[in-house]
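Engineer: Mind folding the following:
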Amino acid sequence: MSDFAFPPPAPPSVAVAATDKRFPVHRIYCVGLNYADHVREMGNDPQRAPPIFFTKPADAVVANGAAVPYPPRTADFHHEIELVVAIGRGGRDIPEARALEHVFGYAAGNDLTRRDLQHAAKQRGQPWDAAKGFDCSAPIAAIRPAALGQVSRGRIWLSVNGELRQESDLSQMLWDASHIIAELSTLYLLTPGDLIFTGTPAGVGPVKPGDRLEGGIEGLEVLRNTIVPADRVPA
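Structural biologist: Predicted coordinates:
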């Protein structure tokens, strides 16, 4: 007999590239304002606006190739292509010089955002939870193990219906993966299974039902998802 009041859902997980293994997701952390061009795009000064941290629920992950339902309560739904760092070894107060020892692998991810709700929250000094941490807000491609090489530079891009919207290089991040991991570990105990979305370059913009999104990072699996009306996805 189970001790649970009802059967628990299956734990969220992400594919591991070139294997039949799954990466179990513990938490999803995200970094805001981590490319100077995007900081300016959002109307801020990159010299005065250091990256900030926020979270998404673990079950917000969406598999590569899966449909993404257009979320409720928004009329300005945006894409944000990002490098995702998957943590394979936990720790607190991790030295920056040893931070990459904690990385399991890397993937391309999309930090989907209800931009109108985010703008409203900023104006009121409120949290971003409703703007960032909603259902199906974290599409992610298969994770490439770090054993195949660390990822610190290379093209990052996203297109909508074949039209290029975002393009930059990972070397343009204000905080690199080592710095992010070290800083984040002073705020939280990092745990195997954590995912860190590391921020997006300029070019973010709206998407609508029917749009086909493709985004990639040099050397990693390309992320492909289609936006569909909410009633097209089973509850």
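
Engineer: For residue 149, give its distance to residue 109.
Structural biologist: Summarising the geometry, the distance separating residue 149 from residue 109, computed by C-beta to C-beta, to the nearest Å, is 18 Å. The C-beta positions use only the backbone N, C-alpha and C, and glycine is treated the same way.

Engineer: same thing with residue 174?
Structural biologist: Distance of residue 174 to residue 109, given as C-beta to C-beta: 18 Å.

Engineer: What of residue 93?
Structural biologist: Shown here: residue 93 relative to residue 109, a distance of 26 Å by C-beta to C-beta.

Engineer: Just want to know which of the two has more residues nearby.
Structural biologist: The residue with more neighbours, out of residue 93 and residue 109 and counting by other C-beta atoms under 10 Å, is residue 109; that gives 32 against 8.

Engineer: Surely that one is in a strand?
Structural biologist: Yes: assessed by DSSP: H, G, I helix; E, B strand; the rest coil, residue 109 belongs to a strand.

Engineer: contacting residues around it?
Structural biologist: Residues in contact with residue 109 (C-beta atoms under 8 Å, 6 or more residues apart in numbering) are 81, 82, 83, 84, 138, 139, 140, 141, 195, 197, 223.

Engineer: and the second one, what does it touch?
Structural biologist: It stands for residue 82. Contact criterion C-beta under 8 Å, 6+ apart gives 30, 108, 109, 110, 111, 156, 197, 198, 199, 200 as the residues in contact with residue 82.

Engineer: can you check the fifth one too?
Structural biologist: Neighbouring residues of residue 138 by C-beta under 8 Å, 6+ apart: 28, 56, 60, 61, 62, 109, 110, 111, 112, 195, 197.

Engineer: switch to 10 Å and redo it
Structural biologist: 12, 14, 25, 28, 30, 56-62, 68, 82, 84, 109-112, 132, 195, 197 (C-beta atoms under 10 Å, 6 or more residues apart in numbering).

Engineer: And for the first one?
Structural biologist: For residue 81, the contacting residues are 108-111, 139, 156-159, 165-168, 197, 200-201, 203-204, 213-217, 223, by C-beta under 10 Å, 6+ apart.

Engineer: Which of these fall in strands?
Structural biologist: Restricting these to those inside strands, with DSSP state E as the criterion, leaves 108-110, 139, 156-159, 165-168, 197, 213-217, 223.

Engineer: If anything else comes up later, I'll come back, but that's it for now.
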